[in-house]
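> Compute the structure for the input listed below.
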Amino acid sequence: MTKELEIEFKNLLSEIEYDILLAEYHLTELHTQTNIYFDTEDYQLKHKKIGLRIRKTNNYTELTLKIPTSDQHTLLEVTDQLDTYLEGKTLDEQILPEISEVAIFLSQQGIKLSDLMVIGELTTTRGEINIKSNVLLVLDKSNYYGKTDYELEMEVIDAKDGELFFLNFLKEHNIPIRSAEKKIARMMTHKKTL
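Residues are numbered from 1 along each chain as shown. Next comes the predicted model:
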């Protein structure tokens, strides 16, 4: 189990901008991850602005809860490592609630593991590089329900300095500022149109 603050800035990209940045930063070793998102039937997590996902890669599977903080660019992430994720099984059948920090937090919010259901999934091809000692550049190509989008994420240590660096980075690369909702929100918005 880990708990950490994630400070990140996001911007949607065009496919051309994405390809240019991949080439400029020599990001050839990309990895694929699948996010499976959960909520209750009446969207209790969404109403609390909390995200819950399982992330599967070739190397690991983890359950992560993303909890908002007072800063719009900062989330508290609570993550439990999982041995595996079995599709068709509920979360309460796959994790031990008494040792899961995620389950403990959800219980404190009055949310039962047995009430959670899969609400959607997306697959992301990701490239990452530290462009400064305290700045991680992340380039994502995400696919969900027949739609593809491209996103730049910049993970930083300090919100104020990070935002300035992020805005300068966009300006230096002639990338317009484009608001980027969280992946779960983009996926759910598109899913509703189907």
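
> Name the strands paired with the top strand by length along the chain and say parallel or antiparallel.
In the chain, assigned by DSSP state E, the strand with the most residues is strand 116-132. Paired neighbours of strand 116-132 in the sheet (DSSP bridges): strand 31-40 (antiparallel), strand 135-144 (antiparallel).

> Past the first one, which element shows up next along the chain?
For strand 31-40, the following helix or strand on the C-terminal side (DSSP states H and E) is helix 44-47.

> May I ask you to name the longest helix in this protein?
For the chain, the longest helix by residue count, based on DSSP state H, is helix 159-172.

> in it, what counts as buried?
A159, G162, F165, F166, F169, L170 (16 or more other C-beta atoms under 10 Å). C-beta here means a position set from N, CA and C on the backbone, and glycine is covered the same way.

> Columns distance to N59 and mean neighbour count on top of the strands paired with strand 116-132, output as JSON lines?
What follows is the strands paired with strand 116-132, written out as JSON lines (distance: least, C-beta to C-beta, whole Å; neighbours: other C-beta atoms under 10 Å):
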{"stretch": "strand 31-40", "distance to N59": "8", "mean neighbour count": "18"}
{"stretch": "strand 135-144", "distance to N59": "17", "mean neighbour count": "19"}
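
> How far off centre is the longest strand of the chain?
Centroid separation for strand 116-132 versus its chain: 5 Å, with C-alpha atoms, centre = their mean, to the nearest Å.

> Nearest to P97, out of the strands paired with strand 116-132?
strand 31-40 (14.5 Å; C-beta to C-beta).

> can you list the weak-confidence ranges in the protein?
Within the chain, no range satisfies pLDDT under 70.

> distance of F38 from D71?
To D71, F38 is 25 Å away according to C-beta to C-beta, to the nearest Å.

> quick one: S70 from K182, how far?
In terms of C-beta to C-beta, S70 sits 17 Å off from K182.

> OK, contacts around the nearest residue to E121 once chain neighbours are set aside?
Spatial nearest neighbour of E121, excluding adjacent residues (C-beta to C-beta, 6 or more residues apart in numbering): I36 at 4.6 Å. For I36, the contact set (C-beta atoms under 8 Å, 6 or more residues apart in numbering) comprises R53, I54, R55, K56, Y85, V118, G120, E121.
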